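Student: Got a predicted structure here, sequence first:
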Amino acid sequence: MNRCATAVMLLLMIVMYACGDEEKPPKVVQEQLPDTMFPHDKTIINGNFTGTAWLQMLVPFDTVYNTSIGNVTFHPGARSHWHFHPGGQILLITHGEGYYQEKGATRRVIRAGDVIKCPPHVIHWHGASNDSTLTHVAIGPNTQRGPVVWLQPVTDEEYNSSSR
């Protein structure tokens with residue numbers, strides 16, 4: 001055998017050995033976190049939130065579907081102001097932990113996998129807990145009934161209270 005053939009044979013033996021049934025370390029697959037599924041590089045600066053929150057509109061309002069859908073990520077401690085939606089709102093919690101509260105009701109802890117259906121005209125707020133980010137897909141149905149109505153900020157006392 002010439003030197004070239006010997007080198008090819010040696011290379012083939014190395015490849016075959018590497019592909020054998022020996023114990024190999026598990027292949028590590030890095031999963032994409034739910035809150036990075038959609039970009040969240042657009043900081044919300046409209047004055048209707050306390051703390052830092054990001055928005056990526058997935059379906060802007062149009063007259064065909066009468067809905068808007070946005071992906072919102074809240075930094076720990078960030079939250080919306082009190083507000084209501086004339087057409088209601090649906091929140092699909094996709095990552096983290098936070099709070100949801102309707103006016104006059106007890107604050108609820110919300111986590112990834114939860115679905116919140118807020119009826120039309122019900123005053124509420126939502127945001128991240130102090131220790132976690134929170135990401136949700138916010139669906140605004142029946143947008144022909146009017147845009148969200150923003151109210152006063154959620155006070156620190158309201159945010160930190162687990163009672164009415």
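Tutor: Nice, thanks for sending it over.
Student: Can you spell out which helices and strands pack onto the lengthiest strand in the chain?
Tutor: Counting residues, the longest strand in the chain under DSSP state E turns out to be strand 89-102. Packing contacts for strand 89-102, counted by 3 or more C-beta pairs under 8 Å, 6 or more residues apart in numbering; DSSP states H and E, involve strand 67-74, strand 108-111, strand 115-118, strand 124-128, strand 134-141. C-betas here are computed from N, CA, C, even on glycine.
Student: and if we set it to 6 Å?
Tutor: Contacts defined by 3 or more C-beta pairs under 6 Å, 6 or more residues apart in numbering; DSSP states H and E place strand 89-102 against strand 108-111, strand 115-118, strand 124-128, strand 134-141.
Student: CA-only coordinates of stretch 100-119 in PDB, if you can.
Tutor: Output of stretch 100-119 as PDB, limited to C-alpha atoms (Å, rounded to 0.1, in the frame of the first residue of the first chain):
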ATOM      1  CA  TYR A 100     -53.000  39.300  37.700                       C
ATOM      2  CA  GLN A 101     -55.600  41.200  39.600                       C
ATOM      3  CA  GLU A 102     -59.100  42.500  38.900                       C
ATOM      4  CA  LYS A 103     -60.300  45.500  40.700                       C
ATOM      5  CA  GLY A 104     -61.900  44.500  44.100                       C
ATOM      6  CA  ALA A 105     -60.500  40.900  43.900                       C
ATOM      7  CA  THR A 106     -57.600  39.200  45.400                       C
ATOM      8  CA  ARG A 107     -54.300  39.300  43.400                       C
ATOM      9  CA  ARG A 108     -53.600  35.900  41.700                       C
ATOM     10  CA  VAL A 109     -50.200  34.300  41.000                       C
ATOM     11  CA  ILE A 110     -49.900  33.400  37.300                       C
ATOM     12  CA  ARG A 111     -47.400  31.000  35.800                       C
ATOM     13  CA  ALA A 112     -46.400  29.600  32.400                       C
ATOM     14  CA  GLY A 113     -49.300  27.600  31.000                       C
ATOM     15  CA  ASP A 114     -52.100  29.700  32.600                       C
ATOM     16  CA  VAL A 115     -54.800  31.300  30.500                       C
ATOM     17  CA  ILE A 116     -56.500  34.400  31.800                       C
ATOM     18  CA  LYS A 117     -59.800  35.500  30.300                       C
ATOM     19  CA  CYS A 118     -60.700  39.000  31.300                       C
ATOM     20  CA  PRO A 119     -64.200  40.000  30.400                       C
END
